[in-house]
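S.K.: Just to be clear, the model below is a prediction. Sequence and coordinates:
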Amino acid sequence: MADLEPLRSRSLAAVAAAGDLDQLEAVRIAALGRKGEITEQMKTLGGLAPDARRAAGQALNALKDEVTAALEARRAALETDALARRLAADRIDVTLPPRPDAEGRVHPISQTIDELTAIFADMGFAVAEGPHIEEDFYNFTALNIPPEHPARQEHDTFYLPPRADGTRLVLRTHTSPVQIRTMMRDRPPIRIIVPGRTFRCDDDATHSPMFHQVEGLVVDRTTHMGHLKGCLIEFCRAFFGVDDLPVRFRPSYFPFTEPSAEVDIGCSREGGQLKIGHGADWLEILGCGMVHPKVLANAGVDPTEYQGFAFGMGIERIAMLKYGIPDLRTFYDSDLRWLRHYGFVPLDVPTLAGGLTR
Amino acid sequence: MKITLAWLRDHLDTESDLATIVARLTMLGHEVDAIDDPSARLAPFTVGHVVSAVQHPNADRLRVCVVDTGTDRVQVVCGAPNARAGMKGVFARAGTVIPRTGLLLKAGQIRGEASNGMLCSAYEMGLSDDHEGIIDLPADAPVGQPFAKVLGLDDPVLDVKVTPNRADCLGIRGLARDLAAAGVGRLRPRDVVPVAGRFPSPIGVRLDLPAAVAGACPMYAGRYVRGVRNGPSPQWLQRRLLALGLRPISALVDITNFFTMDVARPLHVFDADALAGDIAVRPCVPGESLQALNGKTYELDGEMTAIADDDGVVGLGGVIGGEGTGCTADTVNVFIESALFDPVRTAATGRKLGLQTDARYRFERGVDPASAVPGIEAATRMIMEICGGEPSEVVVAGAEPAWRRSVRLRNARTAELGGLPVPPEEGQRILEALGAAVQPEADGLTVAIPSWRGDIEGEADLVEELLRVHGYDAIPVVPLPREHAVTRPALTPAQRRAGHARRALAARGLVEAVTFSFMPGRDAEHFGGVAEALRLVNPISADLDVMRPSILPNLIAAAGRNADRGFADAALFEIGPQYADDTPHGQALVAAGVRAGQSGVRHWSAVPRPVDVFDVKGDALAALAALAAPVESLQTTTDAPAWYHPGRSGVLRLGTVALARFGELHPGVLQALGAKGSLVGFEVLVDAVPLPRAKGGAARPALVLSPFQPIVRDFAFLVDDAVAAEAVTRAVRAAERKLLSGVRVFDVYRGAGVPEGRKSIAVEVTLQPATATLTEEQIEAVAARIVAQVNKTTGGVLRS
């Protein structure tokens, strides 16, 4: 058996010299292919004596393993090089913008209704609704606003044409008629809020012929003005996100409540900037009071047995104060610039657990 | 209502300062809207001594004056005829803003003479309409000091918002009484001592009211005063009225206005010599008219109350007097009227005539029914003091209406209703301070209500009085008791799903709008029209005159406005009401939207396309899915309402019930609405979507996962052009119900290889085996059934 050393060094040198995968394959065939040098050597083993054959066989197998390992190592190295070269050429400009997604907005009125619903829900209120086209009885008479009451004139009512019986329907001037409808339908205890559209025949810089109110009504045997204060103070502080917001109850007059109050919250106007919270000024935000005994009676609830409170506030007004929206009339303009600026992203669902406002 | 601090102090003996009084008024329910402290506003205007006044060299009517301001001497060119050396006037330095005009006074040259300030008239100061000359201050006015103090114009004026129930507080005394009850000083006594009549009134009074309208004027008191001297009223009275924004007219008229403001007792004075015969109160006769004191002539009708003499109407009861019988500077004999007029009639009269007066304002809220005769006595006294004269006896027709009543207040009630226990003694003190006569009993108070408090009717009113005077601040804050430890849902399922639809649509890129429930009637005709019953009688404008039958027109208009601002790619939606009739059931909740322009912004990797029907079909389906409608079971029909393009619109139905409609909007409708370009829109009829049945709990059906791979096969069918894709997919579903898990149209092709009038619809069908891998034979059998079913129902054949 000839010395294998020259074959070994020649084969390993050829592996090391292979510049790409094709050359490497040629080297493999030349060494280990069917007619390769090492293969040819293997074929000669059959003519050797058993002892010599064992020794030569071992030597050849060792050589074959060594060359195979060298081939594999070289292949891996060449593949890594090739990938690196390909990746080096394979570049895109990742500073380009991604494909655009259209994301819409939720109107501030809807968002505000969701916020106040979350707060009042936590105080046990359910949401009630009622028709916008309303009978005079529910909108006025049952609420202790008889015909020719001066308060009727202040309501600037929209009227629909007279019906065959001479009566005429109105667009509800407040959400209060739903108080009557609820009391006539359900038995106490009652705890509802009524957010919704309201209408007044008034159109100037600070009035809109349509706007939104939220009404509240609690009727049971024991609720008194202290509860009214407790409920609305909690609401104001939660809604505006000011834990120590000053809230003031001031006597006032509404035909459907007795005693009646208007509610002011603290604010400051330093430097022309309105800020809700502690300050020198007060800002009126809602009207409320204990439900007038006549209103209870008109709705079929015995005022000697039941009592409760009611309140009403403008949804746009509290939204304007909270979100710094300067102009009421812009709410209904559907100006995309305004809606994108003051609107809310759809996943911003107000909850008490997660916080009302992001 | 405006009051001045000094006037208030006439009735209220108090040491309290302005700030305290304002704070207490507000917390008594009399919100102070504004405080005008003229001493601050008028501070820049000082007493100036005119040292010299010489004829202007270049102007006949002008004088060149030198004014000693107390610190320097300033030359002023003045055009006032009364400017003269030695007088004291009101000096304004250059740089001051003139109250009446709001103009900045500048230094300059007037016809070549320097003028560095101004001598002011009462007109320029906003004090009166008199611009005949400059203000002539008393000789002892201190030079350099603010002139306001010299003229007594430093009395702060409060603008108080008196609530409509407190007619008594439309007189300053009413506010003073409330303040006194709340501990801000002591109400000064006001005893009206009657003035003895010295002769019978030559003018009689009578009520000529039919029984049905007897309430129009329950009582009319009159008095003749002869030999008065009318003329300008004294300075103190003029100043009072001016401070409240009333123009002084003459002593007699000013006196009536004084009592209107002082004690909410409207009065009227006639020039007795202009009256013919007696005074009668009667309904106006249609056709009559009155030339009123404001110079205007009013046509009267039978619903109004006339004060008449033998010649006709001389006044409109509770509203205004007549010009021809009013007092003038020459009046020597005066007839005073102090009456009661019905609030409703007075309000209706004023509204009908568009006439607001201080008298109407008080009568329509209710004047103290016991004040007619005391009012005339007080007026007589002041007339005699200021104008002299000799009074007749008082003549009265009618009588005080019944006003005496008692209301019981249980001791416990203030705590039960008001949340604040007020001891009976304190309650009694408060109510007595408010003028009530209180009779304490074992368990409550019996309260005789004073004549001027027509607003107090029941126990709740008395609770309010106690709380109000005691102070709402004292009511303890009590949390509303919780019914449940864990909050229950506030929303009904219907309310909740509407919120889901809102956020689903917003998540699809649509921006929520809130538009009016009204719209222009002419545009509504294109959206199914509007019943007469939904046309507003008094719309705010012709463009907002009907209740909308659809939300779309408002959104179309909104898209147009945005396009005009340069934002053509509008995607807007609204979830709100539409109105089919005037009943509660006619109001339906609809989720509507429009898309205009391009599908998106321009982007380097993709070109946007114009929005189309399938954008809004997707919107409608997304909203329906959010409303939990069974969207897989819906059918699309092509009978959308007339405001949609007839060939490019559809209706999504559950069975026969329409749940939504979508499509291109009709070009004719868009043109009529003035909309440019094409628009696509949708309307989801929220109320039509059935609410899911309340099944047991929130558990989902068990999930069955097949271990076998789904098989996907594509089929291309040649069908007539008129065949709907949905007909093909429906046929595919009908052919194999068990294995089939999905059908999707992935290509629609017309052109080479497809005969004219036909199209190729390619569908991808997914089969999901559940129990074993499908054999080729099984798959072929399903495919054959699909081909046969499609052929049977649509005439389609497999495209080779």
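M.R.: Perfect, thanks for sending it. Residues are numbered from 1 along each chain as shown, chains lettered A, B, ... in the order given.
S.K.: now the helices for the stretch 101-250 of chain B?
M.R.: Applying DSSP state H, counting those that start in this stretch to the stretch 101-250 of chain B gives helices spanning B:147-150, B:172-181, B:235-243.
S.K.: Figure out which of those is closest to chain A.
M.R.: Chain A lies closest to helix B:172-181 among the helices of the stretch 101-250 of chain B, at 10.0 Å (C-beta to the nearest C-beta). Where C-beta positions appear, they are placed from N, C-alpha and C, glycine not excepted.
S.K.: Run through who's touching that closest one.
M.R.: Defining contact as C-beta atoms under 8 Å, 6 or more residues apart in numbering or on different chains, one finds that helix B:172-181 is touched by B:3, B:7-8, B:10-12, B:14, B:21, B:24-25, B:28, B:30, B:160, B:162, B:166, B:168-169, B:185-188, B:190, B:261-264, B:430, B:433-435, B:452, B:469.
S.K.: And the residue of the stretch 151-300 of chain B that's closest to chain A?
M.R.: residue B:163 (3.5 Å).
S.K.: What pLDDT is listed against the closest residue to that residue other than its chain neighbours?
M.R.: Nearest-residue entry for residue B:163: residue A:253, 3.5 Å, with adjacent residues in sequence omitted and distances by C-beta to C-beta, 6 or more residues apart in numbering or on different chains. pLDDT for residue A:253: 95.
S.K.: Which residues are in contact with residue A:253?
M.R.: Contacts of residue A:253 (C-beta under 8 Å, 6+ apart): A:260, B:29, B:163, B:164, B:165, B:166.
S.K.: and residue B:680, which of the three is it?
M.R.: What DSSP: H, G, I helix; E, B strand; the rest coil gives for residue B:680 is strand.
S.K.: Do I have it right that it meets residue B:592?
M.R.: No: contact criterion C-beta atoms under 8 Å: residue B:680 and residue B:592 do not qualify, at 11.9 Å.
S.K.: Settle it for me: which of these two has more neighbours?
M.R.: Between residue B:680 and residue B:592, counted using other C-beta atoms under 10 Å in any protein chain shown, the more crowded position is residue B:592 (31 against 26).
S.K.: Please name the nearest non-neighbouring residue to residue 274.
M.R.: Picked chain A for this. Nearest non-adjacent residue to residue A:274 (C-beta to C-beta, 6+ apart): residue A:267, at 6.0 Å.
S.K.: ah, no, chain B please
M.R.: residue B:325 (4.3 Å).
S.K.: coming back round to it: the residue nearest to residue A:274: which element?
M.R.: For residue A:267, the element it lies in under DSSP states H and E is strand A:257-268.
S.K.: and if you look at residue B:727?
M.R.: helix B:725-735.
S.K.: What lies in contact with that helix?
M.R.: Taking C-beta under 8 Å, 6+ apart as the rule, helix B:725-735 contacts B:635-636, B:715, B:717, B:719, B:740, B:743, B:745, B:748, B:761, B:763, B:765, B:782, B:785-786, B:788-790, B:792-794, B:796.
S.K.: can you rerun that using 7 Å?
M.R.: Contacts to helix B:725-735, defined as C-beta atoms under 7 Å, 6 or more residues apart in numbering or on different chains, come from residues B:635-636, B:717, B:719, B:740, B:743, B:745, B:748, B:761, B:763, B:765, B:785-786, B:789-790, B:793-794, B:796.
S.K.: same check, this time on stretch B:537-548
M.R.: A:158-161, A:201, A:203, A:209, B:516-521, B:524, B:530, B:534-536, B:554, B:578-579.
S.K.: Which of the contacts of residue A:253 sits closest to residue B:310?
M.R.: Distances from residue B:310 to these, taken as C-beta to C-beta, are shortest for residue B:164 (38.2 Å).
S.K.: any idea how far residue B:641 is from the closest one?
M.R.: The gap separating residue B:164 from residue B:641 is 48 Å, by C-beta to C-beta, to the nearest Å.
S.K.: just the helices in the stretch 1-150 of chain A please.
M.R.: A:5-17, A:21-32, A:37-43, A:50-89, A:108-122, A:136-139, A:150-154.
S.K.: Let me see the contact set for the residue nearest to residue B:343 when sequence neighbours are not counted.
M.R.: Spatially, and ignoring its direct neighbours in sequence, residue B:343 is nearest to residue B:364 (4.9 Å; C-beta to C-beta, 6+ apart). By C-beta under 7 Å, 6+ apart, residue B:364 lies in contact with A:150, B:343, B:346, B:347, B:350.
S.K.: go again using 10 Å as the cut-off
M.R.: Listed by C-beta atoms under 10 Å, 6 or more residues apart in numbering or on different chains, the contact partners of residue B:364 are A:148, A:150, A:153, B:164, B:167, B:318-319, B:341-351, B:356.
S.K.: Against residue B:606, how distant is residue A:103?
M.R.: 18 Å.
S.K.: neighbour-wise, which of these two wins?
M.R.: Neighbours were counted for residue A:103 and for residue B:606 using other C-beta under 10 Å; residue A:103 has more, 15 against 11.
S.K.: Would you mind confirming that the more buried one makes contact with residue B:508?
M.R.: Yes: between residue A:103 and residue B:508 a contact is recorded at 9.0 Å, counting by C-beta atoms under 10 Å.
S.K.: Mind listing the shared neighbours of those two?
M.R.: Joint contacts of residue A:103 and residue B:508 (C-beta under 10 Å, 6+ apart) are residue A:346.
S.K.: next SSE after the lowest-mean-pLDDT helix or strand in chain A?
M.R.: Using mean pLDDT, DSSP states H and E, the weakest-scoring helix or strand in chain A turns out to be helix A:150-154, at a mean of 69. As assigned by DSSP H and E, the chain's next helix or strand after helix A:150-154 is strand A:159-162.
S.K.: picking that back up, pLDDT averaged over the helix holding residue B:727, what's the number?
M.R.: 95.
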